[in-house]
Every structure is written in C-alpha cells, then in structure tokens.
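Asker: okay, here's the prediction I keep looking at, along with the sequence it came from:
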Amino acid sequence: DKIALLTKAFGFMQNAIAGSEKARAYLESRNLNGSGGSPVGYNSGQFHLRSNAPYIETAEKYGLLKSLGGGNYRAWAKDCIIFPLRNKEGQILS
C-alpha cells in the first residue's frame, strides 16, 4: 500500500506544478523542468483534500500527513519541490 500511495501522491504533485507560479518559476530558475528522465513534483499540501480521502489513513501511516485533530491535517513537505526515489523496477519508494 505504500508504493500505491506514493505513486498516487506523486502523480498529484506532478500535476500541482501547473497550478503554482512560484513552483514553476523556481524550477525554471534551477533548470529543473522534469525533462531528462528526472521527474519532479510540487507538494501543494492539498493531496488529501481532493478525491484522495481514501488515502488519508495510509498517508498518516507513512508520514505524508499529520493529524491536527478535528479532521485537519498538516502535510509533510508542503510547498516543496519533490523528487521521487525509485527502486530498480521504477516504483516510488520514498
């Protein structure tokens, strides 16, 4: 379930770049546009707010979310550029 969660979350983070001028500008300034085989993502901290509610428990288990109580969460690495670490099979492990 960890690989499935990280794959889903990273897909969301890759798409989140388009919605953040700040993230796009930073990536461009560092020449990190995701080409050349090194995909990048942007953690807007909103992964759990979309249609990803079924992943909340697993996201807490693996440290992507921390419950603040009352249905509120703090996202790990919010507003950060994300580089996935993969195994030999290409699956995201971290």
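Answerer: That came through fine.

Asker: which residues in this structure form helices?
Answerer: 2-16, 21-29, 56-61 (DSSP state H).

Asker: distance to residue 78, mean pLDDT and mean neighbour count added to those helices, as CSV?
Answerer: From N, CA and C alone the C-beta is placed, and that goes for glycine too. Shown next, in CSV, are the helices of the chain (distance: least, C-beta to C-beta, whole Å; pLDDT from 0 to 100; neighbours: other C-beta atoms under 10 Å):
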stretch, distance to residue 78, mean pLDDT, mean neighbour count
helix 2-16, 11, 92, 17
helix 21-29, 12, 92, 12
helix 56-61, 13, 89, 16
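
Asker: nearest to residue 67, out of these?
Answerer: helix 56-61 (6.2 Å; C-beta to C-beta).

Asker: what helices and strands are in contact with that closest one?
Answerer: With contacts taken as 3 or more C-beta pairs under 8 Å, 6 or more residues apart in numbering; DSSP states H and E, helix 56-61 sits against helix 2-16, strand 65-69.

Asker: so what touches the first one?
Answerer: Applying C-beta atoms under 8 Å, 6 or more residues apart in numbering, the contact partners of helix 2-16 are 23, 34, 39-44, 46-47, 50, 52, 55, 58-59, 62, 64, 82, 84, 91-94.
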